[in-house]
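S.K.: Sharing a model that was predicted from the sequence below.
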Amino acid sequence: MASKLASKSGESSLKKVLREHATKKLAPACSAAMVYKGEIMYMTAAGVTLSSDRHIPATPDETVFMIASLSKPILAVLALQCRKRYSLDLDRDINKYLPRECSVNHPRYPETPISCRHLLTHKSGLADDEAALVRGSDWRTENKDFPSSLKEYVSKRLHNSSSNLWSQGTAPGQAKYHYSNAGMTLLGYVLECVGSDSLQNLAAKFIFLPLSMNHTAYFLSDFKSWQTQAKASGKLAPPTEINGYNHHYGVAEFPAAGLRSTAKDMATFLSVFTEQSLRKWTNSLKLSQADMKEMLPRNFKSGLAWWGGDTWYGEKSNDVWSHGGFMPGVRAHIFLWPEKKVGSVFLSNGEGE
């Protein structure tokens, strides 16, 4: 009874905060959830989606937000899946997996191989910025999915790439931490090559379906297909920039920043990390406790695609992992306190902090 009352109280307080966020026009819609010991304790939403044809009240289980860089921790889990299922070696030269026309080397250190672990820890030497995600970029399209494949992205942007995308002073592995969307997108293509399937199919098969994340996908076309089949309500919340620019867009760097999901689905993902028994991690995802420790080290450093104590962003403490999602018209965040078995998620389609 006490836990139910605490849950009710927490949900009420969270609902109030979200309403204030939406009322202050920090975002048209927002949604959040709290997880404890493998269970979603409460979830709620506020505001409206501001779709072009109608305004639909947001809900935590059906309103789908672009989650930007929250895509990265999910990509890391998929990398561990590919290691188990396809013998991917996180420390091997990625060019052993890539076709020759898509090989990638640091132009200043061509003899030093780049590994998946370098990409997962943002120490490959790639030093790109957010330019590929903004309006007007060659790597973004408005109102539709980006049409080109990951292979085309890698071959055109990273194969024999100019040195301005790369660090100057240190080789891959020794390079200083530099947060890289290009690196995570390159990792996504490596996983496609290893798994002999599209990234979206691999993620659906090994993560979304086993965890019943039924409103999570990379592409707008997926949601339109689900609408047709009456599998989803289609409450897509378009990104809304601070200048009022409001519509969907697609990005070439979708493995790093293009996933769409609901607060409930992301809370379900977080619940995997907060269980006492790690049942979902071992049974549903077929991964080991050693995999978990490798992804989220106890010292909160060198995590695989999570923000810890040694990253540019995140909390500089030794008790919480996190990751943010910041793109035009998108603000999102997840937190994970492993020792407390607590996780939280916040999603919005606005730029208010």
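M.R.: Looks like it came in fine.

S.K.: C-alpha from now on. contacts and neighbour counts both.
M.R.: Noted.

S.K.: Just the CA coordinates for stretch 293-307, please, in PDB.
M.R.: Below are the C-alpha coordinates for stretch 293-307, written out as PDB (Å, rounded to 0.1, in the frame of the first residue of the first chain):
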ATOM      1  CA  LYS A 293      29.600  -4.600 -16.100                       C
ATOM      2  CA  GLU A 294      31.600  -3.900 -19.300                       C
ATOM      3  CA  MET A 295      28.900  -1.500 -20.500                       C
ATOM      4  CA  LEU A 296      28.500   0.200 -17.100                       C
ATOM      5  CA  PRO A 297      31.800  -0.100 -15.200                       C
ATOM      6  CA  ARG A 298      31.500   0.300 -11.400                       C
ATOM      7  CA  ASN A 299      33.900   3.300 -11.400                       C
ATOM      8  CA  PHE A 300      31.600   5.200 -13.800                       C
ATOM      9  CA  LYS A 301      34.300   5.700 -16.400                       C
ATOM     10  CA  SER A 302      34.800   4.300 -19.900                       C
ATOM     11  CA  GLY A 303      31.100   3.300 -20.200                       C
ATOM     12  CA  LEU A 304      30.000   2.100 -23.600                       C
ATOM     13  CA  ALA A 305      28.000   5.000 -25.000                       C
ATOM     14  CA  TRP A 306      26.700   6.200 -21.700                       C
ATOM     15  CA  TRP A 307      27.700   9.500 -20.000                       C
END
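
S.K.: So what's the gap between it and the chain middle?
M.R.: Its chain's C-alpha centre and that of stretch 293-307 lie 16 Å apart, by C-alpha atoms, centre = their mean, to the nearest Å.

S.K.: For the protein, which residues score under the pLDDT cut-off?
M.R.: Per-residue confidence for the chain (pLDDT under 70) gives these ranges: 1-9, 51-54, 225-234, 353.

S.K.: In it, which residue is most central in space?
M.R.: Ser71 (1.1 Å; C-alpha atoms, centre = their mean).

S.K.: So for the helix or strand encompassing it, what gets flagged as buried?
M.R.: Element membership for Ser71, per DSSP states H and E: helix 71-86. Residues of helix 71-86 classed as buried: 71-83 (neighbour count, 16 or more other C-alpha atoms under 10 Å).

S.K.: and if you look at stretch 179-199?
M.R.: 179-195, 198-199.

S.K.: I'd like to check what contacts the helix holding Ser71. Which residues are they?
M.R.: The contact list for helix 71-86 (C-alpha atoms under 8 Å, 6 or more residues apart in numbering) reads 88-90, 120, 184, 188, 191, 194-195, 202-203, 206-207, 255-259, 285-287, 291, 295, 304-306, 323.

S.K.: Alpha carbons of it, as PDB, please.
M.R.: Written as PDB, here are the backbone C-alpha positions of helix 71-86 (Å, rounded to 0.1, in the frame of the first residue of the first chain):
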ATOM      1  CA  SER A  71      19.700   6.300 -29.500                       C
ATOM      2  CA  LYS A  72      23.300   5.800 -28.500                       C
ATOM      3  CA  PRO A  73      22.900   3.600 -25.400                       C
ATOM      4  CA  ILE A  74      20.500   1.400 -27.400                       C
ATOM      5  CA  LEU A  75      23.100   1.100 -30.100                       C
ATOM      6  CA  ALA A  76      25.600   0.000 -27.500                       C
ATOM      7  CA  VAL A  77      23.300  -2.800 -26.400                       C
ATOM      8  CA  LEU A  78      23.000  -3.900 -30.000                       C
ATOM      9  CA  ALA A  79      26.800  -4.000 -30.400                       C
ATOM     10  CA  LEU A  80      27.000  -6.400 -27.400                       C
ATOM     11  CA  GLN A  81      24.200  -8.400 -29.100                       C
ATOM     12  CA  CYS A  82      26.300  -8.600 -32.300                       C
ATOM     13  CA  ARG A  83      29.300  -9.700 -30.300                       C
ATOM     14  CA  LYS A  84      27.400 -12.600 -28.900                       C
ATOM     15  CA  ARG A  85      25.500 -13.600 -32.100                       C
ATOM     16  CA  TYR A  86      27.900 -12.700 -34.900                       C
END
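
S.K.: Give me the next element, helix or strand, following it.
M.R.: Once the chain leaves helix 71-86, the next helix or strand it forms, by DSSP H and E, is helix 116-120.

S.K.: The following helix or strand past that following helix pairs with which strands, and in what direction?
M.R.: Next helix or strand after helix 116-120 toward the C-terminus (DSSP H and E): strand 140-142. Its sheet considered, strand 140-142 pairs with strand 249-251 (antiparallel) by DSSP bridges.

S.K.: what does the very next helix or strand once past the partner strand rub up against?
M.R.: Toward the C-terminus, strand 249-251 is succeeded by helix 254-257 as the next helix or strand (DSSP H and E). In this structure, residues lying in contact with helix 254-257 by C-alpha under 8 Å, 6+ apart are 67-72, 75, 181-182, 184-185, 188, 199, 218, 251, 325.

S.K.: ok, which pair from those residues is furthest apart?
M.R.: When C-alpha to C-alpha is used, the two most widely separated members of those are Leu199 and Gly325, lying 19.9 Å apart.

S.K.: can you give me the strands for this protein?
M.R.: Using DSSP state E, the strands of the chain run over residues 29-36, 39-47, 63-66, 140-142, 235-237, 249-251, 260-261, 321-327, 330-337, 342-348.

S.K.: What's the local residue count around Ser221?
M.R.: Look at Ser221: counted by other C-alpha atoms under 10 Å, it has 12 neighbours.

S.K.: check contacts around the nearest residue to it once chain neighbours are set aside.
M.R.: Among residues not flanking Ser221 along the chain, Asp145 sits closest, at 7.3 Å (C-alpha to C-alpha, 6 or more residues apart in numbering). With contact set as C-alpha under 8 Å, 6+ apart, Asp145 has these partners: Phe219, Leu220, Ser221, Tyr249, Gly250, Val251.
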